[in-house]
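[1] let me see the structure of the following:
(2 chains)
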Amino acid sequence: MVDSTQAPVPATQAVPIDEHIVEIVSDSGEGAQKAGQTFGTISAKMGNGVWTVEIIPAEIQPPARSPAGASGIRIRLASRYITNMGDQADVVVAFNEQVLYSRIANGAYKKGTTVLLEGKWRDDPVPEIRAQFDKAVSEFQQNGLIVHELPIEQACLAIVPDPRKGKNMFVLGMLCRIYSRDKQQARTEIANTFKRKGDKVIGINQQLYDAGYAFAEEHIDLSFQVPPQPQEETRGKRYIVTNGNTAVGLGVMASGMELVSMYPITPATSASHYLADVFHEVGGFVHQAEDEIAAIGFAIGSSYAGKTACTITSGPGLALKTEMLALAVMAEVPLVVVNVQRGGPSTGLPTKVEQGDLLAALFGEPGDAPKVVLAATTIQECLEFVVMARRLAEAFRTPVILLTDANLATGVQPYERPEPTLDWLAGPIDQSQWNEDIPPYQWDEETGLSSRPIPGMPGGEYILTGLAHTRQSKVAYDSESNQLGCDMRSRKLAALASTLKPPQVHGDPEGDLLVVGWGSTLGAVEEAVDKARAEGHKVSCLYLRFLSPMEPGLKEIFQRFRKVMTVEINYSDKPLAPLINDETRRYAQLAWLLRAHTLLDIDCWSVVHGHPLQPGTILEELRGRLTSMNLEGGN
Amino acid sequence: MFGLQADWSQEIFERYFTMGDYAGGEARWCPGCGDHAVLTAVQKIMRDEQLKPENSVAVSGIGCSSRLPHYMGTYGFHGLHGRALPVACGVKSRRPELDVWVATGDGDCFSIGTAHWIHALRYNMDMTVLVFDNAIYGLTKAQTSPTSPLGFKTNTHPTGAILPAHNPLTVTLGITNISFVAQVMDWNPPLLYETIRRAHQHRGTGFVRIIQRCPVYAGARGKELQGDPSQFLILEHENGIALDDSARRLFPNRQQHDPSDLAQAFALAHDQSRFPIGLLYHNPDALCYEDLSSQGVELTPQERLDGLNNILDRITI
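    Residues are numbered from 1 along each chain as shown, chains lettered A, B, ... in the order given. Presented below is the predicted three-dimensional model:
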């Protein structure tokens, strides 16, 4: 299988492995993502742990055969539960050589990565393309990639007239042969994938799949076996496979909210696409507003009228919503805001991941605007936390911001199917007589909590206002009223905090180094920490799901470690950069918060490369820190 | 319908609402301000229609006009500058049975809230939108508004407004799916009452621009308008706003205008020489967005749960 002209030796025995990372890379519109998602689903159904993540080009219509146009998918499959995209790929299928350059620049491959490369370009009628191809293959080989040129399109021509549409299922067949996937399972999954297009299309795609499978059997000398996860972990459980945005949409429905009011913004919009497709089945509605401000205003109007609503956005949208958020805080309107974070500031990196909105979520509004801020660490939590957010919003009469990010939004994995019950859903709204002796903000002085009249309740008529107000919701400009209102709204966070438990430490409860994180980096950080611990390092990690209020007991936990640092995907000054010293250094966002919160000297490591953090990168950083700590000595 | 816990069937005939039931705090507008007249008209309409205070919601933005909810005995939402309409639409979206009133002003609606003015009217949800247009920012003390006349002296343009006044009627009439556009002045109570009543009766967004006096910061303008009825052109039609004899006597200029005639409405709105007064445009059949946005409100929790389980089953592997 060295190149398309030589017939390779067929594999005889599948090599058992416990995990592999596969990529399919192509120009846009060649179906790589569909092939990869189907491969991931087949693997999940066979009991593997799976994480897939799409490789998204920066432009909508990038030119063909350009590094910037690299589109595709990465699939990580393993004999255990998988929580992140992993490090370098093991096997790559590429439809042209140019798109591989951007993946190489991203450090996606290593020495020994096998590249199954469409070989037709070597004989292209355009001399420049032949030269580009020849040059690229030599460079890849010099970099240690193992390149196999394969006549993929040529083989597809036997089945379809235009292999650009169809070769993806041929590649699926190849991968299923290489990874010993169940053939019937695959055929069923292809039927599912194309069920809206009819039997004829399903048939052609199954033919392509079969051809790819046979092709790999004959021409590709790679054969692996990835055993399923141990049965005790999966027995009796049912799984669903979604990305984080679909999970948010499911969470909205599982919370009983009936309205999502949104304005399109990458990378949040696909949550609303999903809801627009299915929301009517649970009686819900997606309102596409004229702008971000109207989107949250509409949601607030609905919430005020007793139907707690959700608005889904990303950083620039959150910025536009700040005045409305402050109104919801001031007037104590329950509301769920999901922020699928992307790279910032400004328009920033719309399709790429960052955890840059934490401080904006907590402190974005002028004036004191205490509210609940949660962060999902997994795709499953994207679903579960929306349900929790609606409840918190109503119980504490407050807006709740749920932070997810582009990594969770685009990552796809199987997770346990929720088994919702009636008490997950919002109950019917109360329309009974309101006791006129109870004012609309009957703050309990200890907790700040109060219950609210809802339009339709006789006797509860009140005027909600964004101005400072009394318990009666009367506009008040006096000092005492303003102080009391601020006290009461803040008190609610303390009341919520008093119900929370300290977070769990992953690893030993004490040691040399504690890594603290939040959000989607959990999987990669835990994996890195596990590897460092296996090497003998005394390192643990801890994840915060509640950022406002924070979970209790942090100072006590932190003091059991010699050093504490955060790992985040947002900006911080590197300690050795020019002009940076203890006084000028700007820390990563959670580190800022924790330093203020605990008065401990908490360090950070963060980057803004636009990519999800990978376990190998984190491990390298941890090793460096731990080694220098050990050189410094001490205990 | 919404899990009503109270049984009104016995009580509904026993409750009779007086003006006092629709009154909240004492109105704090300046003496002579036109806002008082609008408040009274709204309260009278509510009394005459016997609307339940608990089912009425007055939504406003920021400005003198937007204090109106505070003086009502209904539910109210005094929100952000320019953002009354999105909130009002949200109130209506899943609670279509609520009676929604919006109080906004020339700054609130025609300046900072412009996007929502355009789009909320396109949604055409069943609500009454009253724009208190006094051509000045009053609450913040005399800044130029979009409808301030050219040359009008304000604190932001001390030598006079430097642009011609914005014409909100032509813009409003250009919005797709509008259904009710009327104009009236604040100082003719019967006309004001009748115009707002018709806007409220209309199913869809009843949009009324109220030409309004500000005695403190635009006193001369108010006196001039009030003292010269020839500056107005009264629109008459059997489908228009009903006129009483006193109005006929007062206003010398009257013209027949069929409110279904959008082209003529445009022409009348474009003519800056006189303010057209009456119903410029009416389409009782325009689509109302709440008919779409409220779909599914009747589902029981069990039906929602069943729907959710069906959705989950489809993606369960």
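
[2] just the closest residue of the stretch 101-250 of chain A to chain B, please.
    Proximity of the stretch 101-250 of chain A to chain B (C-beta to the nearest C-beta) peaks at residue A:240, 4.7 Å away. Just so you know, the C-beta spots here come from the backbone N, C-alpha and C atoms, and that holds for glycine as well.

[3] that residue reaches residue A:413, doesn't it?
    No: using C-beta atoms under 8 Å, residue A:240 is not in contact with residue A:413; the gap is 9.8 Å.

[4] who has more neighbours, those two?
    residue A:413 (27 against 24; other C-beta atoms under 10 Å in any protein chain shown).

[5] mind listing what's buried along stretch A:489-498?
    Along stretch A:489-498, these residues count as buried under the neighbour rule (16 or more other C-beta atoms under 10 Å in any protein chain shown): A:489, A:491, A:492, A:493, A:495, A:496.

[6] is residue A:620 in a helix, a strand, or coil?
    Classification of residue A:620 by DSSP: H, G, I helix; E, B strand; the rest coil places it in helix.

[7] can you classify residue 36 as helix, strand or coil?
    Let's take chain A. helix.

[8] what about it, how many neighbours?
    Using other C-beta under 10 Å, the number of residues around residue A:36 comes to 27.

[9] hmm, back to that, return the distance of the residue of the stretch 101-250 of chain A closest to chain B relative to residue A:434.
    Per C-beta to C-beta, to the nearest Å, residue A:240 is found 41 Å from residue A:434.

[10] so where does the nearest residue to residue A:106 once chain neighbours are set aside fall, helix or strand?
    Among residues not flanking residue A:106 along the chain, residue A:611 sits closest, at 6.7 Å (C-beta to C-beta, 6 or more residues apart in numbering or on different chains). Using DSSP states H and E, residue A:611 is not contained in any helix or strand.

[11] which residues does the longest helix out of those in chain A contact?
    Counting residues, the longest helix found in chain A (DSSP state H) is helix A:199-219. Contacts to helix A:199-219, defined as C-beta atoms under 8 Å, 6 or more residues apart in numbering or on different chains, come from residues A:1, A:7-8, A:10-11, A:150, A:155-156, A:158-160, A:166-167, A:169-178, A:183, A:186-187, A:190-191, A:193-195, A:222.

[12] among the residues you listed, the buried ones, what's the ChimeraX command?
    Those of these that count as buried under 16+ other C-beta under 10 Å are selected in ChimeraX with:
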select /A:1,11,150,155,156,159,160,166,167,169,170,171,172,173,174,175,176,177,178,186,187,190,193,194,222
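
[13] among the contacts of helix A:199-219, which are in helices?
    Using DSSP H, the members of those that fall in helices are A:155-156, A:167, A:169-178, A:183, A:186-187, A:190-191, A:193.

[14] pull out the buried positions in the least confident helix or strand in chain B by mean pLDDT.
    Lowest by mean pLDDT, DSSP states H and E among the helices and strands of chain B is helix B:245-250, with a mean of 92. For helix B:245-250, burial by neighbour count (16+ other C-beta under 10 Å) applies to residue B:247.

[15] right, and the helix or strand after it?
    For helix B:245-250, the following helix or strand on the C-terminal side (DSSP H and E) is strand B:254-256.

[16] before we move on, what SS does the residue of the stretch 151-300 of chain B found nearest chain A have?
    Ranked by C-beta to the nearest C-beta, the top residue of the stretch 151-300 of chain B for proximity to chain A is residue B:296, at 2.7 Å. Look at residue B:296: counting by three-state DSSP, its state is coil.

[17] which ones are touching it?
    Shown in contact with residue B:296 (C-beta under 8 Å, 6+ apart): A:258, A:280, A:282, A:283, A:284, A:285.

[18] got the angle between the longest helix of chain A and helix A:167-178?
    50 degrees (axes from the mean of the first three to the mean of the last three C-alpha atoms, to 10 degrees).

[19] tell me the buried residues in the helix or strand in which residue B:307 is found?
    For residue B:307, the element it lies in under DSSP H and E is helix B:301-315. Of the residues in helix B:301-315, B:301, B:304, B:305, B:307, B:308, B:309, B:311, B:312 count as buried by neighbour count, 16+ other C-beta under 10 Å.
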